[in-house]
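Student: need a structure here:
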Amino acid sequence: NPTSKAAEYEIDPAILELTGSDAGKERYLAFLGQILLMCREQVRMNPAFAPQVFIFTPTSWLIPRPTYVTFRKHWDRHFQFKNGFLITSNEFFKLDGKWPLAFTIWSYQPAEKERKNEVKLFDFTRLKKPELNYNWNTEEETEKALNGMIEKAKRVLFNKARLSIKDWSGQKMYDFKRSPTKTESESGRIFGGLPLSDERRRNRKTYGIENSEFIGFMDNTTPVRVKAKDDQRFFNGNVWFRLDTVFINANQTKIFSGPSDNRSYCAYDLPSSKRTFSWFALTKALNGHYPVWANQFDIWKPEVTPLHEPYFYSLCFAYGLAENRCVVTKFEADNPVEGAPGVFADNPLSPNNSESFWNTTLKKEIVSEPDTAMLLSARSPKSIASGTENTAKGKPLSMSGCTMSLTSGISIILTFSPPTQGWSKSGNMPILKAWRTCSVCFLRPLHAQNR
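Tutor: Model (predicted):
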């Protein structure tokens, strides 16, 4: 069960030599390492012996995820893949959580040279408990049931052949969450870029640096002074994203006015915007709607025909405008240390600022036909913001120091403005519906190519 705690007992060094220390923390992988060693010893003692392995496991090692690559090389050199299937964990067993459970069959056939197994599994994840309620002890009924399942099942290829969306983005991840240096810890001085009064200063990790003119944001939009790098991403006014690569973490993606504490990527021109906004929008469209088997896969590069690209990217940009955490805020001078400059952060996705990234780079890319993206992006939040501007203008609205103005971010306007008919959370539904339609088109070819 991948939701269970890591093994607390000591693992034999011979197993860790196969799995590596990180992968060895997974009980099932340590068990697989033990199986490999047992098979090797059995064949050494009896060369005619031909061990067969039938096993239920999670799917991470079958792709394999980066942590499991070394172990898979050892395993593939000793075992030949034969067959297998996928089932949904809590439909087949009494387990917590919903994740793909793989049953695979392997034959112990050591190879002199490196071998790479092609793992292709029947996908039974659509089956629910009632559909699995057969008398499996009756040969005729069992054969009939299994033949029906196999005829309807697609096959999923577990490999990393598709170009990941992260690699397609062409960017290196940026983050500012770090361990304090020994010098910092022993200095007795203030370090890290959080406001001096922020309780997270007590954490074991620290965030950013204490004196900088560039700021990032914590998850609750608290500004943090961070170290800027010498590249085009680190200019004020760009759009920043927290983006995750794996389908299972799709619900964690967000858009900010600056880098987030981890997994940050940036839109700084039109080409980078197309890739980061489509990455963000795909995670939102596919969250809760991707097939169970994709749980541990990296999200891959979308295949969009040139004919559909203008509308595709229009939907991406419009959705980002509707679903972001960009804010207008100030980081006061001399905080957290004396001499730190005051820093102002504007909203790069403000439709009401003629110099914003939205107006200078993205708005002109919105197509008029089909009109879903255009209609959503045309709903300017100006009227909503002005409705509360008289009472909130220039005043902090939260601990993060965000202020209400005509250029405030959508999240601030929705949080601190009275209900209106202009822009509301329900106003995102047309674009979300359109995006879910696109997500179906995105996923439709996958089973076909995996047969």
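Student: Report the contact partners of residue 274.
Tutor: Contact partners of residue 274, counting by C-beta atoms under 8 Å, 6 or more residues apart in numbering, are 313, 316. Bear in mind the C-beta positions are built from the backbone N, C-alpha and C, glycine included.
Student: what element comes up after the helix or strand encompassing it heading to the C-terminus?
Tutor: For residue 274, the element it lies in under DSSP states H and E is helix 270-286. Past helix 270-286, further along toward the C-terminus, the next helix or strand under DSSP H and E is helix 309-322.
Student: Against which helices or strands is that following helix packed?
Tutor: The contact analysis (3 or more C-beta pairs under 8 Å, 6 or more residues apart in numbering; DSSP states H and E) places helix 309-322 against helix 270-286, helix 372-377, helix 429-450.
Student: now the helix holding residue 274 and helix 309-322, what's the angle there?
Tutor: 70 degrees (axes from the mean of the first three to the mean of the last three C-alpha atoms, to 10 degrees).
Student: burial measure for the closest residue to residue 14 other than its chain neighbours, as a count.
Tutor: Computed as C-beta to C-beta, 6 or more residues apart in numbering, the closest residue to residue 14 that is not its neighbour in sequence is residue 37, at 6.1 Å. Residue 37 has 16 neighbours, counted by other C-beta atoms under 10 Å.
Student: Mind telling me which of the helices and strands packed on helix 309-322 the model trusts least?
Tutor: Confidence, taken as mean pLDDT, is least for helix 429-450 of the helices and strands packed on helix 309-322 (a mean of 43).
Student: What ranges does the chain have for its helices?
Tutor: For the chain, the helices defined by DSSP state H occupy 13-19, 27-45, 69-78, 89-92, 139-152, 165-169, 182-187, 270-286, 309-322, 357, 372-377, 382-392, 410-416, 429-450.
Student: Dump these into TSV; add distance to residue 366 as well.
Tutor: Shown next, in TSV, are the helices of the chain (distance: least, C-beta to C-beta, whole Å):
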stretch	distance to residue 366
helix 13-19	50
helix 27-45	48
helix 69-78	42
helix 89-92	42
helix 139-152	42
helix 165-169	22
helix 182-187	46
helix 270-286	12
helix 309-322	5
helix 357	14
helix 372-377	5
helix 382-392	17
helix 410-416	16
helix 429-450	12
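Student: right, and those helices - which one's nearest residue 60?
Tutor: Checking those against residue 60 by C-beta to C-beta gives helix 27-45 as the closest, at 8.6 Å.
Student: Can you tell me, leaving aside adjacent residues, what's nearest to residue 55?
Tutor: Leaving aside its sequence neighbours, residue 55 sits nearest to residue 104 (C-beta to C-beta, 6+ apart; 6.1 Å).
Student: which residues does that neighbour form a beta bridge with?
Tutor: Taking DSSP bridges as the rule, residue 104 bridges to residue 55, residue 84.
Student: Wait, residue 196 touches residue 332, no?
Tutor: No: under the criterion of C-beta atoms under 8 Å, residue 196 makes no contact with residue 332, lying 9.9 Å away.
Student: what sits against the residue nearest to residue 14?
Tutor: When contacts are counted by C-beta under 8 Å, 6+ apart, residue 37 touches 14-15, 18.
Student: Let me know the pLDDT of it.
Tutor: pLDDT, read off for residue 37, is 96.
Student: Roughly how far does it sit from residue 68?
Tutor: Computed with C-beta to C-beta, to the nearest Å, the distance linking residue 37 and residue 68 is 17 Å.
Student: low-scoring pLDDT stretches of the protein, where are they?
Tutor: Regions of the chain meeting the criterion pLDDT under 70 cover residues 1-8, 23-24, 379-406, 409-451.
Student: Tell me, how many residues neighbour the closest residue to residue 18 other than its chain neighbours?
Tutor: Of all residues not flanking residue 18 in the chain, residue 33 sits nearest, at 4.3 Å (C-beta to C-beta, 6+ apart). Around residue 33 there are 24 other residues, counting by other C-beta under 10 Å.
Student: from memory residue 33 sits against residue 19, does it?
Tutor: Yes: at 5.0 Å, residue 33 and residue 19 qualify as touching, with contact defined as C-beta under 8 Å.
Student: Now the common contact residues for the two.
Tutor: residue 71.
Student: For the residue lying closest to residue 34 once chain neighbours are set aside, list the residues it contacts.
Tutor: Among residues not flanking residue 34 along the chain, residue 15 sits closest, at 5.7 Å (C-beta to C-beta, 6+ apart). By C-beta under 8 Å, 6+ apart, the contact set of residue 15 is 24, 30, 33-34, 37.
Student: number of nearby residues for the closest residue to residue 136 other than its chain neighbours?
Tutor: Leaving aside its sequence neighbours, residue 136 sits nearest to residue 142 (C-beta to C-beta, 6+ apart; 5.4 Å). By the measure other C-beta under 10 Å, the count of residues near residue 142 is 13.
Student: ok, residue 142 - contacts?
Tutor: Counted by C-beta under 8 Å, 6+ apart, residue 142 has contacts 134-136.
Student: measure it to residue 132 for me?
Tutor: Counting by C-beta to C-beta, the separation of residue 142 from residue 132 is 12 Å.
Student: So what touches stretch 161-181?
Tutor: Stretch 161-181 is contacted from outside by 191-193, 204-208, 216, 224, 226-227, 229, 233, 243, 245, 259-266, 272, 275-276, 279, 282, 298-302, using C-beta under 8 Å, 6+ apart.
Student: Start and end of it, how far apart?
Tutor: Its start and end residues considered, stretch 161-181 measures 39 Å (C-alpha to C-alpha, to the nearest Å).
Student: Quick check: buried residues in that stretch?
Tutor: For stretch 161-181, a neighbour-count test (16 or more other C-beta atoms under 10 Å) marks 162, 165-166, 168-169, 171, 174, 176-177 as buried.
Student: and what of stretch 351-367?
Tutor: Neighbour counts over stretch 351-367 (16+ other C-beta under 10 Å) mark 351-353, 356-359, 361-363, 365-367 as buried.
Student: May I have the distance across stretch 222-239, first residue to last?
Tutor: In stretch 222-239, first residue to last residue: 16 Å (C-alpha to C-alpha).
Student: for that stretch, the distance to its chain's centre please.
Tutor: 22 Å (C-alpha atoms, centre = their mean, to the nearest Å).
Student: picking up where we left off before, show me how to select, in ChimeraX, the buried members of the contacts of stretch 161-181.
Tutor: Buried residues among the contacts of stretch 161-181 (16+ other C-beta under 10 Å), as a ChimeraX selection:
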select :191,192,193,206,207,208,216,224,226,233,243,245,259,260,261,263,264,265,266,272,275,276,279,282,298,299,300,301,302
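Student: Okay, and which of the contacts of stretch 161-181 map to strands?
Tutor: Taking DSSP state E, the ones among the contacts of stretch 161-181 that sit in strands are 206-207, 216, 224, 226, 264-266.
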